[in-house]
Structures are given as C-alpha cells and as structure tokens.
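Student: here are the coordinates; sequence isn't available:
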C-alpha cells in the first residue's frame, strides 16, 4: 500500500512541475514579443492640411499610418512621402483638395486647390493679391471647401472667349497661365491675341479665337463669254447684241474656315457643272464712215442718260469761224482746238448736251463735239455743224432735221 501511495505522490509532483514550466515558457514568449514590439515602434510626424500631429507606430505603409491616426485619404488628395522612411520615421504630408470660389467683378470662378491658406490657394491658381487690393479673408486664413473669396482688385486683365468677357485680378505669368487658370481649353488651331507666350500686364485684353471648319456646297453662276460677228451694214465702232448670253450654273463644294463663327477663308474642293453658259453673240460694224478717221473707243458706255448706239432725232444748223458766228475771232473752241476758215474739214460740231470729245454719226458722217454754244444748243438733238468754207457756205448749209447716232461718249 505504501508503494502505491509514493507512486501517486510522485505523479502529482511531476504534473505540477510541467504546469509551472509551461507557464514560465508562455510568460517568456509574451514578454519577448511585447519587448520586441516596443523595440520596433517609431515616431512619425503627420502634416495634414498644414497641421502637424506626431504618432507612434510600427506600421510601414504611409496610408496605414494615416489611417491609424484617423486620417482617411481620397483619390483627389495629394500625398508626399519624400521625407518619410518606413521603420525609421520622418514626415508624411497630406494635402486635401478643396474647391474655392473666387468672386471678381461680379463673376465667380471655381478652382480646385491644395493650398492650406488663402494666400497659398491664390498663389496656386496664379493670383497675387497686393496691398492695394481688398479681400474678404486674411491671407493666412485656413482654406475651407466651398468658401467664396471676394477680391476687389486695383488692377485686372480681361479674357474674351466664346462671346463672353470676364475680368480677372492681375496675374503674374503669361497669357497661357491666364488661359489655364480660367480653365479654357484651346482646340488644335485655336489661338489668342496677344499670343500665349506674351507676359500679362495690367489692363491687358486677351481674346480667344476659335477656329472651326465646315464643308459648304453652293450654286454659283458661271459667266458667259462673247462671240463677235462682223456686220458690214453697221458703221465701225457700233455694236449690236444679236443674241443675249445665258449664265451657266456650277455646284461648288468649299472647305470653309471660320474664326469665332465668322468666315475667314474658303478653299474649293470640287466643282460640278449643272448647266453650261451660252455665249452672247454681238454684231460688230465694219462699214466705214464718211468724212472722218476711225473712232477709237474709250470704254465709256453711258453718260448722263445717254448710251452708245443711241439714236436721237435732232436738228442742225451751220456756223463758221467768223466773229459773227462765234462771237470772237480767235477760233479757239471750248475743247481748246482751233478752227479757221479755209482749213480742211475737221468734221466738228458744237452742242451742250454731250461731253466734249463725243463722236456722233449724222447721216453716215462722223462728227466730233469740240465746242459749246448758246442755250439753244442745250436741247437734246440740237447741233451746230462747223463749216470751214466760210460764212456764206454756212448760210447755204442752212438748218434742218437729222438723225443722230452716238458713236462715242467723251474723249
């Protein structure tokens, strides 16, 4: 019986010893783990929106450290870990994006910024506030999402785009910086005046020119030509339209360039004939006049209601170079040409209703208007024919009715 009792005692003692050893092992492991954890912790400075916080952590990822400090990131936030070394410490900088509204000249423009103060936010969008400007926030005020910053700037520039003109407080930089700050997107061929590289100046007016293209198809008249045919029944220098010309029609497609909605230029792409033009047929006189050289045309087709080829019923008289007929004896006409009795017949007439230098046909004979006369010669068709043979010959020529055709108007 005693042997059994000793055996039982030794078994209990062995179990107690094993239990104590287990507890000691567990405590050792816990202590080692805890001590190791303490040894791996380190301090990290978190700067979030300009405010500093120091945390103790054993995390290695910047996002985990921020989350540990209850700072959650969004996809629009900016994270700077250039000053952070995992496991050792340093600085983690987190800037959150805020939308601010800048009110200037009764216009409000929204900007997305990461600056922590009003000054930083304005500088970020390229806006410098001077001592002469008025602003509803102090420059060191914290930026808040949705805040409205009102500026009464002493200087400004204006930007005209898509028909709208907006004033902006003066910017440092170039026209390109202004375009960027105003969130204006330029097309491939859009341009500005002044150009994008120009430095901004107070009072500058910047205009955006939008360039677009379109294809336009138009119907266009095609000018007809002229075909001439000689006619020996008509006097030289006279013409008559025998058959009127007819315009043709083409269908033309253009590439049209527009600048700010206004057509600037067009380039022909294709042309298709719809109807061909019909030439005008003109008869040209070849019959020679009596008593005068050929008439040189001057391109004048009408004058004071008269036109080439016009036929007028008239009345003639005759005169010579004497003082009785002319009221003077020097023979100098209104055109400056001199006449005298006994000269070869120059085929001159005087009248007041046609310009000097005009040529008329009277009964197939050409006369040039070189002189003016009394009021009686102002009536349409009234002419006085110069007679170089003298006063008696002029009297014999007498007066009478005639048919006058206008061959040329003026010199």
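Tutor: Structure's in. What do you need? The structure displayed is predicted, hence computed values, not measured ones.
Student: For residue 176, what is the enclosing helix or strand?
Tutor: For residue 176, the host element (DSSP states H and E) is helix 175-181.
Student: following that helix, which helix or strand shows up next?
Tutor: By DSSP H and E, the next helix or strand past helix 175-181 is strand 191-193.
Student: Would you mark the buried spots in that next one?
Tutor: For strand 191-193, burial by neighbour count (16 or more other Cβ atoms under 10 Å) applies to residue 192. For every residue, glycine as well, the C-beta is placed using N, CA and C.
Student: same question, stretch 84-97
Tutor: 84, 89, 92, 93, 94, 95, 96.
Student: go on, stretch 135-152?
Tutor: So stretch 135-152, judged by 16+ other Cβ under 10 Å, has buried residues 135, 137, 143, 147, 149, 151.
Student: what does that stretch rub up against?
Tutor: Stretch 135-152 is contacted from outside by 49-50, 98-104, 108, 113, 115-122, 127, 129, 133-134, 169, using Cβ atoms under 8 Å, 6 or more residues apart in numbering.
Student: which ones among these are found in helices?
Tutor: 118, 119, 120, 121, 122 (DSSP state H).
Student: thinking again about what came up before, contacts for the helix holding residue 176?
Tutor: Taking Cβ under 8 Å, 6+ apart as the rule, helix 175-181 contacts 111, 125-127, 157, 159, 168, 171, 186, 192, 194-198, 200, 206, 208.
Student: try it again with 7 Å
Tutor: The contact list for helix 175-181, computed with Cβ atoms under 7 Å, 6 or more residues apart in numbering, reads 125-126, 157, 159, 168, 171, 186, 192, 194-198, 200, 206.
Student: Can you turn the buried part of the residues you listed into a PyMOL selection?
Tutor: One line in PyMOL is enough to select the buried ones among these; burial here means 16+ other Cβ under 10 Å:
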select buried, resi 125+126+157+159+168+171+186+192+200+206
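Student: Can you check which strand is longest in the chain?
Tutor: Scanning the chain for the longest strand, with DSSP state E as the assignment, gives strand 262-275.
Student: Give the next helix or strand downstream of that one.
Tutor: strand 280-287.
Student: which other residues reach that following strand?
Tutor: Residues outside strand 280-287 that contact it (Cβ under 7 Å, 6+ apart): 224, 226-245.
Student: List the ones among those that fall in strands.
Tutor: Short answer: the contacts of strand 280-287 in strands (DSSP E) are 226-235, 239-243.
Student: If you rank those by neighbours, which is first?
Tutor: Taking other Cβ atoms under 10 Å as the neighbour criterion, residue 235 ranks highest of these with 19 neighbours.
Student: Model confidence for that residue, exactly?
Tutor: According to the prediction, residue 235 has pLDDT 68.
Student: ok, back up a step: and the contacts of stretch 135-152, which are buried?
Tutor: Of the contacts of stretch 135-152, these count as buried by 16+ other Cβ under 10 Å: 49, 98, 100, 102, 104, 113, 115-122, 127, 129, 133, 169.
Student: Spit out the contact partners of the nearest residue in space to residue 300 that is not next to it in sequence.
Tutor: Take residue 300 and drop its neighbours on the chain: the residue closest to it by Cβ to Cβ, 6 or more residues apart in numbering is residue 409, 4.6 Å away. Residues near residue 409 by Cβ under 7 Å, 6+ apart: 300, 303, 306, 308, 355, 358.
Student: which two in these are spaced the farthest apart?
Tutor: Using Cβ to Cβ, the contacts of residue 409 span at most 12.9 Å, a distance reached by 308 and 355.
Student: Show me the helices in the stretch 301-411 of the chain, by range?
Tutor: Counting by DSSP state H, counting those that start in this stretch, the stretch 301-411 of the chain has helices at residues 323-326, 391-397.
Student: Mean pLDDT lowest where, among those?
Tutor: For those, where the average pLDDT is lowest is helix 323-326, sitting at a mean of 91.
Student: in it, what counts as buried?
Tutor: 325, 326.
Student: Return the list of helices and strands in contact with it.
Tutor: Using 3 or more Cβ pairs under 7 Å, 6 or more residues apart in numbering; DSSP states H and E, the elements in contact with helix 323-326 are helix 391-397.
Student: which other residues reach the helix it packs on?
Tutor: 318, 319, 320, 322, 324, 325, 385, 387.
Student: So what sits opposite the closest residue to residue 266 other than its chain neighbours in the bridge?
Tutor: Of all residues not flanking residue 266 in the chain, residue 254 sits nearest, at 4.2 Å (Cβ to Cβ, 6+ apart). On the basis of DSSP bridges, residue 254 is bridged to residue 216, residue 268.
Student: Check whether residue 254 really touches residue 265, as I assumed.
Tutor: No - counting by Cβ atoms under 7 Å, residue 254 sits too far from residue 265 to count as a contact (9.5 Å).
Student: Neighbour count: those two, which is higher?
Tutor: Higher neighbour count among residue 254 and residue 265: residue 254, with 18 against 10, using other Cβ under 10 Å.
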